[in-house]
Each structure stands twice: as structure tokens, then as C-alpha cells.
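Enquirer: Need coordinates for the below:
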Amino acid sequence: MRIRISKSLQVLCAVWALVGCDSVYALDSMKNCSDETLKSQKSAIHYSLPEVAMYTVRYHFGLLDPPNMGGLKVDSLEDLTKQMSALAPAKTSDNARVKGVFVTLSKKGKTRACWGNLQASSQNLVRDTVYTTMDALKKDYRHPQIKSSEVNFLKPQVTVVRKMEAINSVAELNPLKDGLMLRQGGRSGVVLPGEAYDSHHQLVMCKMKAGVSNKGNRNNSSNYQLYRLEADVFK
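Expert: Numbers count the residues shown, from 1 in each chain. This is a model prediction of the structure:
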């Protein structure tokens, strides 16, 4: 005996075979989800530290229009910090070995602003990134202040310093992986990983930033102290 099955029933059977019972139940569950649940899923966006820096830049210039992130409203810098802290990826929450944070904003390969500190101001990397970005925008007088018309052309870099140790010579450095700090009395200069093409260039840059004479033996540190900076660089 042959049983005739309508086309609509054939299609339904085929879909069932393809997706399986669990998927059908999942579809039913999605239909029953509340609006609030769906909104919370949509707002579960994770931001990297460079994205935190760029959101801070856009906030500074009033370019968050409407002022929200993933549906979350931002009315103040503190709101921005709290929301970004809640949405940052897990890997940026490792604060156990943070010695400092630097934010660099560049345009077409040239630095437009850079600021940082070798002492972490809080136990929250996102918070440090937000406030360090604001300092870079407001306090770095070595470069002309960034204008709102430049925002879309900026590239952020966040450098998280994990360890600082004294060294005797720049010969011990790998400038692509290690940063360098030079200190003489109350003056100091910092060169971040990747900013110099070799260790001698690192030393010269550090001396210039610290206002230290470049005369004499270029490798010894008899007149100043040298420190290797081990850091994670986020671009």
C-alpha cells in the first residue's frame, strides 16, 4: 500500500532530519526568549585595549553619536570606564604583573600623542587605558594637539609593562621586544618596544627624552641607570 505525502510535509520532514530535535527545541526557546535577554546578548560585545583607547578618543571629541556602546549609554568618563571594563576581553583583566600602561596614538606611521606611567594607577587595565588615553590627548605637548578631524586616521597602541629590571648595558636588549628606561637623578626617558631599530638607537632616544648628554661611552651606564622593560604590546 502506498501512502501519499504532501509536499509541505515532505519539506518539514527534511528540515527535521537536517537540524535534529535539539535544534528545533532551540528554535522554540529562541521564540520564547524575553526582549531583555536578547538585548543582553546583543550587548555582550568584547573590546580590546586599542578599541578602549579609540572609544576614549571618540568620547573626548564628542563623536559617540548616539553616545552608547552595544546599547549601553555613556554620559561621563566614569560611565565609559565602567562599561568598557565590563565588556573587555578576559585576557586584559590580568593585572597581577602590571607595572604601567602607555598609550600611543599615531597617524600615517608618525606619533601624534603618547603618554604613560611606569606605576599602575589602579588594578584595572581598562581604567588605566581610558585615563592614560585622556592624558595623551591633553598633556603631551611634544606634538601638536590632535584635532577631531584626525580621529578617523588614528591608530592606537597600548603597551602594558609587566616587568622592569636594571641592566648594565643596552647590549642586553632586543629592541623589538624590550623597552628601555634611562634614569639620571630626577630625569628619565622611556622608549617602548619597537620604537627603535637597534639598541644604540634606543639609548640615544632615551637620552634625548631625558635631556642627558650623549657624549662619552655610549654603552655603559656610569652616569645614569638603565632598565629593561618587558611589555605586552596591543595594536
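Enquirer: which helices and strands sit right next to the longest strand along the chain?
Expert: Identified as the longest strand of the chain according to DSSP state E is strand 154-167. Secondary-structure packing of strand 154-167 (3 or more Cβ pairs under 8 Å, 6 or more residues apart in numbering; DSSP states H and E): helix 49-60, strand 100-107, helix 125-139, strand 178-184, strand 225-234. For every residue, glycine as well, the C-beta is placed using N, CA and C.
Enquirer: So which of the ones you listed is nearest K163?
Expert: Closest to K163 of these, according to Cβ to Cβ: strand 225-234, at 4.1 Å.
Enquirer: On the pLDDT front, check the nearest residue to W115 once chain neighbours are set aside for me.
Expert: Residue nearest to W115 in three dimensions, not counting chain neighbours: A136, with 3.7 Å by Cβ to Cβ, 6 or more residues apart in numbering. Looking at A136, its pLDDT reads 97.
Enquirer: Next up, the contacts around A136.
Expert: Counting by Cβ atoms under 8 Å, 6 or more residues apart in numbering, A136 touches 103-105, 113-115.
Enquirer: Go again with 10 Å.
Expert: Each residue near A136 by Cβ atoms under 10 Å, 6 or more residues apart in numbering is listed here: 53, 56-57, 60, 102-105, 111-116, 143, 146, 156.
Enquirer: before we move on, what about I146?
Expert: 57, 60-61, 105, 107, 112-113, 136-138, 140, 153-154.
Enquirer: farthest pair in those?
Expert: Pairwise distances across the contacts of I146 peak at 19.4 Å for K138 and F153 (criterion: Cβ to Cβ).
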